[in-house]
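> Got a sequence here, can you build the structure:
(chains A and B)
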Amino acid sequence: MEFADYLPIALMSILGIGFAGVSIFLSKKLAPHNPTPEKLAPYECGIVPLQDPVIRFPVKFYLVAMLFVIFDVEIVFLFLWAVRMDQFGWVGIGAVVLFMLMLIETLGYVWKRGALDWNVARRARNRRVVAPVATLDEAA
Amino acid sequence: MTVFIEAAIKVAVAFVFIMLTTLVLVWAERKWVSDLQNRIGPDRAGPFGILQTLADGLKAFFKESIRPTQSIYLLYLVAPIAALIPALLIFLVIPIGAPIEIGGTTYTLQVMDLNIGLLYVLAVSSLAVYAITLAGWSSGSKYPLLGAVRASAQMISYEAAMGLALVPVVLLTSTTSIAGIVDAQQGTFGSFIPAWNIVLIPSFIIFLIAGFAETNRPPFDLVEAESEIVGYHTEYSGFAFALFFLAEYINVFNMSALTVTLFLGGWAGPVPSFLPTWIQWLVPVFWFLLKTWAFVFLFVWVRATLPRMRYDKLMTFGWKRLIPVSLAWIILCAVAIGFREFGAPWS
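Below you'll find the predicted structure:
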């Protein structure tokens, strides 16, 4: 595996950026251009925007991103083991199964805490059951 | 230098191939959907309306592109390009036919064969999330922002399921090179059943579902559910909008091609030996295209059949169904392959 094997990535990126950039530029030059304040305002179905457009959004989305990082790192580890599985034998399988059981436990914990509940009604039910500790949902 | 020229030629051919495929793909989708819905569909531009995509592209090209007042303009322009590049890059590792031997030199019908091909595919398809987030955030409008946040949560959720679904494939083939995975599927069980990775049926199904969600296609097209919520590209117009559209369709083709390559033997298929040599080279390409277009048709068929999912059901399905099932399936596969390769652990 040499560096030259990755050359097509650079070439294709240049080609793609060139195609897209030139097209957008030419389209700007050739297309009609009559801006009006209404046309350039943020699209809010005809209502005059009152708020700052960069609003806060629920913390649940950050939670999903964090969970994704956990599972994505796991996947990378699994690929490394899967390619050379025959060299590790049952010891490797045992270690990976143990590793995965820990992650399944993580998933179960997050599941029980309600971090994966996007259904509003079910979230409300969970909230009544778990009173003393602030749940992840209340944080959201 | 020859390496450079060969790479440049292959990239140029791949680019033209992708663009032509997309032209046909958009037309084919509209034609198939209209057939399934008992309509006529596009029939004005060219024979059978086959130039409809080109006409649409030209129309988008000559439409006014606006500059929203609240937008962060540089990022606003970068986002559609950032959507297009990953779609083009994934195609580079897909082999569209068997290696060809001309005058003692073997040419692969694949732009590059990385030994980390599968990881490359996962990495590059993750980059598509950046385009969506950037588009929504730089538009300076709250509905695109919300749409982008929802879309990126959807994509990363199914990204995890997709990666997990691919681990058994690597367990079975012991390689992450895409060409290696195709080679590993060339044999047969018994004498006539092809040894394709589709024997990993749960992996195949999870990968396919995750593929639908990754490409934001129905029934997971909440990203651009035009009738209900407003998507990340609300503030886009003109050619910048067309680029998002283009990227989506390239991704549909890529996903079909990847499904075929990883689970259905890629270009594998019977090659009649009585044909002249140059036709024999084309037969694997034909098999690859046939299988890929069958999956493209599946994408269209699903779009015409299934209603859109609700957002909470989408996330529940990804995290509470697909991911636990694929984790359990990896453990099952690992233990089964362990018994086959190393015998019982207590013996």
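
> Now do the contacts for the residue of the stretch 201-347 of chain B found nearest chain A.
Going by C-beta to the nearest C-beta, chain A is nearest to B:Asp312 of the stretch 201-347 of chain B, at 3.5 Å. Backbone N, C-alpha and C define where each C-beta goes, glycine included. Taking C-beta atoms under 8 Å, 6 or more residues apart in numbering or on different chains, we find B:Asp312 in contact with A:117-120.

> Could you do B:Phe295 as well?
B:255-256, B:259-260.

> rerun that using 6 Å as the cut-off
B:256, B:259 (C-beta atoms under 6 Å, 6 or more residues apart in numbering or on different chains).

> ditto for A:Ile104
B:Leu327.

> In terms of pLDDT, where does it sit?
A:Ile104 is assigned a pLDDT of 93 by the prediction.

> rewinding a little: which helix or strand contains the residue of the stretch 201-347 of chain B closest to chain A?
For B:Asp312, the element it lies in under DSSP states H and E is helix B:311-316.

> Report the backbone C-alpha coordinates of the helix or strand that that helix is followed by in PDB.
Reading on from helix B:311-316 to the C-terminus, the next helix or strand found by DSSP H and E is helix B:323-342. Extracted C-alpha coordinates of helix B:323-342, given in PDB (Å, rounded to 0.1, in the frame of the first residue of the first chain):
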ATOM      1  CA  ILE B 323     -28.400  -1.900  16.800                       C
ATOM      2  CA  PRO B 324     -29.300  -4.600  19.500                       C
ATOM      3  CA  VAL B 325     -30.100  -7.100  16.700                       C
ATOM      4  CA  SER B 326     -26.800  -6.500  14.900                       C
ATOM      5  CA  LEU B 327     -24.800  -6.700  18.100                       C
ATOM      6  CA  ALA B 328     -26.400 -10.100  18.900                       C
ATOM      7  CA  TRP B 329     -25.800 -11.200  15.300                       C
ATOM      8  CA  ILE B 330     -22.100 -10.400  15.500                       C
ATOM      9  CA  ILE B 331     -21.700 -12.500  18.700                       C
ATOM     10  CA  LEU B 332     -23.600 -15.300  17.000                       C
ATOM     11  CA  CYS B 333     -21.500 -15.100  13.900                       C
ATOM     12  CA  ALA B 334     -18.200 -14.900  15.900                       C
ATOM     13  CA  VAL B 335     -19.100 -18.000  17.900                       C
ATOM     14  CA  ALA B 336     -20.300 -20.000  14.900                       C
ATOM     15  CA  ILE B 337     -17.200 -19.200  12.900                       C
ATOM     16  CA  GLY B 338     -15.100 -20.000  16.000                       C
ATOM     17  CA  PHE B 339     -16.700 -23.500  16.100                       C
ATOM     18  CA  ARG B 340     -16.000 -24.000  12.400                       C
ATOM     19  CA  GLU B 341     -12.400 -22.700  12.400                       C
ATOM     20  CA  PHE B 342     -11.000 -23.700  15.800                       C
END
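
> right, and B:Val124 touches B:Phe91 too?
No. B:Val124 is not in contact with B:Phe91 according to C-beta atoms under 6 Å; the separation is 9.9 Å.

> how far away is B:Gly136 from chain A?
For B:Gly136, the distance to chain A equals 10 Å [C-beta to the nearest C-beta, to the nearest Å].

> Find the nearest non-adjacent residue to that residue, please.
B:Ala148 (2.2 Å; C-beta to C-beta, 6 or more residues apart in numbering or on different chains).

> Closest to chain B out of the contacts of B:Asp312?
A:Trp118 (3.5 Å).

> how many neighbours does the closest one have?
20 (other C-beta atoms under 10 Å in any protein chain shown).

> Now A:Met12: which helix or strand?
helix A:7-30.

> now the strands for chain B?
According to DSSP state E, chain B carries its strands in the segments B:100-102, B:105-107, B:188-189, B:193-194.

> of all these, which lies closest to B:Lys63?
strand B:105-107 (41.8 Å; C-beta to C-beta).

> Pull the contacting residues for the residue nearest the centre of chain B.
In chain B, the centroid-proximal residue (C-alpha atoms, centre = their mean) is B:Met255; its distance is 1.9 Å. Shown in contact with B:Met255 (C-beta under 6 Å, 6+ apart): B:211, B:215.

> rerun at 10 Å
By C-beta atoms under 10 Å, 6 or more residues apart in numbering or on different chains, the contact set of B:Met255 is B:90, B:125, B:162, B:207-208, B:210-212, B:214-215, B:217, B:292, B:295-296, B:299.
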